[in-house]
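Chemist: Only the shape, not the letters, is given here:
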């Protein structure tokens, strides 16, 4: 083929797919890196993985190619294909098949035994073959041990390697793996397991299927490792507006996922600024794991206090609190409205006013973030007040615009 489907740098592919095929809808003329040929090569590479899910539209600026899927008709997240195209060297492919093949016949072998068998029994049958040195073989064995492909045990001064065969019957877990692969933040792991099975029928359908965020998996995994192992990290952040790159030393504490958009955020303690902060995962270019953080429990308590006043992810510029009070009408046999208030509120409390009116009271960093949720009670809200005047004014203007658009008498909107 005229170009390679394989990739070395996944961060580059992640950025490219996001900018051109998901969020930006940029055209070839807007590609400002290197050359137009680079754009064409990257587009061909991506289309080789996702060709049946690509579409385009023509406008004055040129042809815009974009990613288009209907979750009702796809058996699994097609973006997982992007993770399965990593490049490799001739040594990688040689060692992969030879090591696994020789360990089928031999239960255990040392690195020296593997090097000798590789030279005598495998490479010797090829013309102009080059023997691989012992250090290269040891590195590959350690890499495969870390990946769980091989296992080792020490016998005297020798380290013996063998295949780490799984005894889990994957077919019996097929439905669970299919569900996991589509809903888990690291569902790509389930996709690799499904590749080993023949039955890949579409078992599940999802009303809200946030498949686009799977591109962040390579960032999410080290962040989860850092949270589990209580590590500090260096975050390489790219500004989504200016594209300026900066590095921040942080202690990751929580991954927050929006139930409305599926977008993922990292809550962390900024070591230099000494404050809680939140970044979108799609703005994190890379994660470098550092040393262990000692007083993690204190930070977790601080994070809990900080999150108690978050409605979404905004904490405002000065971290001041907006007081919000919303009174809703509840008719006869409409206890489900009270249950919904209790279930969906992220903080605050519900106070009965009388048998048909209930007041929701809360203090949040940014009351404007509550507007999408507050609007779902339109027609039931009898009173809405807040110290954030922008939120109340926006809600009132929206109601006036809706009344102007759809008509109705003065009491149509309470």
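Modeler: Looks like it arrived, so ask away. Predicted model, so just to flag it, every value in this text is computed and none were measured.
Chemist: Residue 360 is in contact with residue 341, isn't it?
Modeler: Yes - with contact defined as CB atoms under 8 Å, residue 360 reaches residue 341; the gap is 5.9 Å. Just so you know, the C-beta spots here come from the backbone N, C-alpha and C atoms, and that holds for glycine as well.
Chemist: so what's in contact with the two at the same time?
Modeler: Counting by CB atoms under 8 Å, 6 or more residues apart in numbering, the shared contacts of residue 360 and residue 341 are 328, 350.
Chemist: Who has more neighbours out of the two?
Modeler: Legend: neighbour count by other CB atoms under 10 Å for residue 360 and residue 341, higher for residue 360 (22 against 18).
Chemist: which residue sits closest to that one, ignoring its sequence neighbours?
Modeler: residue 326 (4.8 Å; CB to CB, 6 or more residues apart in numbering).
Chemist: Pretty sure that neighbour sits in a strand.
Modeler: Yes - checked against DSSP: H, G, I helix; E, B strand; the rest coil, residue 326 lies within a strand.
Chemist: For it, give the beta-bridge partners.
Modeler: residue 360, residue 384 (DSSP bridges).
Chemist: so it makes contact with residue 380?
Modeler: No - counting by CB under 8 Å, residue 380 is not a contact partner of residue 326; they are 9.5 Å apart.
Chemist: circling back to that earlier point, the residue nearest to residue 360 and residue 260, how far apart?
Modeler: 19 Å (CB to CB, to the nearest Å).
Chemist: do residue 399 as well
Modeler: Distance from residue 399 to residue 260, by CB to CB: 21 Å.
Chemist: Tell me which residues touch residue 78, please.
Modeler: 49, 50, 53, 69, 211.
Chemist: about what we covered before: between residue 399 and residue 260, which one's more packed in?
Modeler: More crowded of residue 399 and residue 260, by other CB under 10 Å: residue 399, with 18 against 10.
Chemist: isn't there a strand covering that one?
Modeler: No - counting by three-state DSSP, residue 399 is not found in a strand; it is helix.
Chemist: And the helices in the chain?
Modeler: 10-17, 36-50, 90-105, 111-117, 134-147, 174-183, 188-194, 217-229, 296-307, 335-344, 371-375, 389-406 (DSSP state H).
Chemist: coming back round to it: looking at residue 326 and residue 380, which one has more neighbours?
Modeler: residue 326 (24 against 17).
Chemist: Flag every buried residue along stretch 83-91.
Modeler: 83, 85 (16 or more other CB atoms under 10 Å).
Chemist: What count of nearby residues applies to residue 400?
Modeler: 11.
Chemist: how is this protein carved up into domains?
Modeler: 10-70, 90-163, 170-209, 214-307, 322-406 (automatic domain parsing).
Chemist: what separates residue 18 from residue 51, distance-wise?
Modeler: Residue 18 is 18 Å from residue 51, where distance means CB to CB.
Chemist: Pick out whichever of the two has more residues nearby.
Modeler: A count of neighbours by other CB under 10 Å puts residue 18 above the other of residue 18 and residue 51, at 17 against 10.
Chemist: show me what contacts residue 364?
Modeler: Neighbours of residue 364 in contact, by CB under 8 Å, 6+ apart: 309, 310, 311, 321, 322, 324, 347, 348, 370.
Chemist: And for residue 188?
Modeler: Contacts of residue 188 (CB under 8 Å, 6+ apart): 80, 83, 181, 214, 217.
Chemist: so where's the stretch 51-200 of the chain uncertain?
Modeler: Filtered on pLDDT under 70, the stretch 51-200 of the chain yields the residue ranges 59-63, 199-200.
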